[in-house]
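Enquirer: give me a 3D structure for the following:
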Amino acid sequence: MKSIFYFLSVLLSFALSSFAFAKAPATAKIAFTSNRDGNFEIYTMNPDGSDQINLTQHRAADQSPVWSRTGEQILFVSDRHGTKDLYLMDADGTNARKVFANLVGRQHPTWSPDGKQLAYHRFDKLAIYVALSNGEGEEKLVSGLWPAWSPNGSEIAFVADKSFALIADGVLQVEAPKIQIINPQTKAEEVLLPGKDLMFNPAWSPNADKIAFSWIDLDAIPAIGKDIADNEAVYVVNRDGSELKQIADAEGGATSHPIWAPQGDELVYEKQIREAVHLFKIALDGETPEKLTDRGDNVSADWFDPAFALPVSPQPQLLTTVWGKIKTGN
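Expert: Next up, the predicted model:
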């Protein structure tokens, strides 16, 4: 009998200690991807660029980290089992595990605000899918790429192009990508800025009232001596399409992939500087950008601050088909 109690106490102690590791950072942190040591790994740093720490230290390519709403977990993309797909790990880089049993090439994940669901794109289908955060209930939502779930849960912004196509060696061919918004419950769609193409990387503001994105404005490109891709710049626009404003220009290198500070007053974005890509931070009022990284390529940032973290609970606007099935048992 004593041996049984001992075994149970050891098992309970192990379970409690494992659970204790899944803690959110005590201070604000930016997670990002870097290849500074010759392999793509996931790092964290303070919002001023200090204290850069490698979390993954794995021989696979680990990329695209996204904080859970509570900051206790990081969702990321890895090819640890041969195919790029979604993985979860605790905030300190431990306890990494697959989200899906079948690996098919899922990328660019985004969490629902209640933490119950994930949206992501599948390159094999050139479409956006939604599933529960445990990998169950996967279903196609819409054709497109690069989804971003709004903080209020009611909409998903994404990049749509009727001419998306995969050509040799997995290269994506696009003609007129534009940002669209879909209601995951009703499936109703709309274009964010009708008449404007070459728009990428939508990111919602914390209050869901603005969207940051990168855009190649063809009207701003000199007729001679400038590559189109070099003119990608970061913009912000109101959710209703009004007050379009450039935040970071393409002077000295293209800028892209904006993400918001949790307080909504700053953006972090990527900038191409000669042969490398670095992360910069800029205030929305147009102050001088602050360079945060200095070695290797540094991309795919995501910012978490415990001061702005909210408790996770189901919300009525998240009653998509997948969530509805789980709630009703159908």
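Enquirer: and the closest residue to Asn207 other than its chain neighbours, what does it touch?
Expert: Closest residue to Asn207 apart from its sequence neighbours, by C-beta to C-beta, 6 or more residues apart in numbering: Gly264 at 6.2 Å. For every residue, glycine as well, the C-beta is placed using N, CA and C. Taking C-beta atoms under 8 Å, 6 or more residues apart in numbering, we find Gly264 in contact with Ser205, Pro206, Asn207.
Enquirer: relative to Glu270, which of those residues is nearest.
Expert: Relative to Glu270, the closest of those is Ser205; by C-beta to C-beta it sits at 18.4 Å.
Enquirer: from Leu145, how far off is the closest one?
Expert: 21 Å (C-beta to C-beta, to the nearest Å).
Enquirer: wait, is the residue nearest to Asn207 part of a strand?
Expert: No - using DSSP: H, G, I helix; E, B strand; the rest coil, the assignment for Gly264 is coil, not a strand.
Enquirer: what confidence value was assigned to it?
Expert: On pLDDT, Gly264 comes in at 97.
Enquirer: so how far is Asp209 from it?
Expert: Here the criterion is C-beta to C-beta. By it, Gly264 lies 9 Å from Asp209.
Enquirer: next: Thr27.
Expert: For Thr27, the distance to Asp209 equals 27 Å [C-beta to C-beta].
Enquirer: got the buried residues for stretch 194-205?
Expert: Neighbour-count burial for stretch 194-205, counted by 16 or more other C-beta atoms under 10 Å, picks out Lys196, Asp197, Leu198, Met199, Phe200, Asn201, Pro202, Ala203, Trp204, Ser205.
Enquirer: same question but for stretch 284-302, I mixed them up
Expert: Within stretch 284-302, judged by 16+ other C-beta under 10 Å, the buried ones are Leu284, Pro289, Leu292, Thr293, Gly296, Asp297, Asn298, Val299, Ser300, Ala301, Asp302.
Enquirer: quick check: the farthest pair among those residues?
Expert: Leu284 and Gly296 (27.8 Å).
Enquirer: let me see the ranges of the strands in the stretch 1-150 of the chain.
Expert: Secondary structure of the stretch 1-150 of the chain, counting by DSSP state E, counting those that start in this stretch: strands at 29-34, 41-45, 53-54, 62-67, 73-78, 85-90, 97-98, 106-111, 117-122, 127-132, 139-143, 145-149.
Enquirer: those strands: which one's closest to Phe158?
Expert: Of these, the one closest to Phe158 (C-beta to C-beta) turns out to be strand 145-149, at 4.6 Å.
Enquirer: walk me through which strands the very next helix or strand once past the closest one pairs with, and which way each runs.
Expert: Counting by DSSP states H and E, the element after strand 145-149 in chain order, helix or strand, is strand 156-160. Paired with strand 156-160 in the same sheet, following DSSP bridges, are strand 145-149 (antiparallel), strand 178-182 (antiparallel).
Enquirer: same list (these) but as JSON lines, adding mean neighbour count and mean pLDDT.
Expert: Output for the strands paired with strand 156-160, formatted as JSON lines (neighbours: other C-beta atoms under 10 Å; pLDDT from 0 to 100):
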{"stretch": "strand 145-149", "mean neighbour count": "23", "mean pLDDT": "97"}
{"stretch": "strand 178-182", "mean neighbour count": "21", "mean pLDDT": "98"}
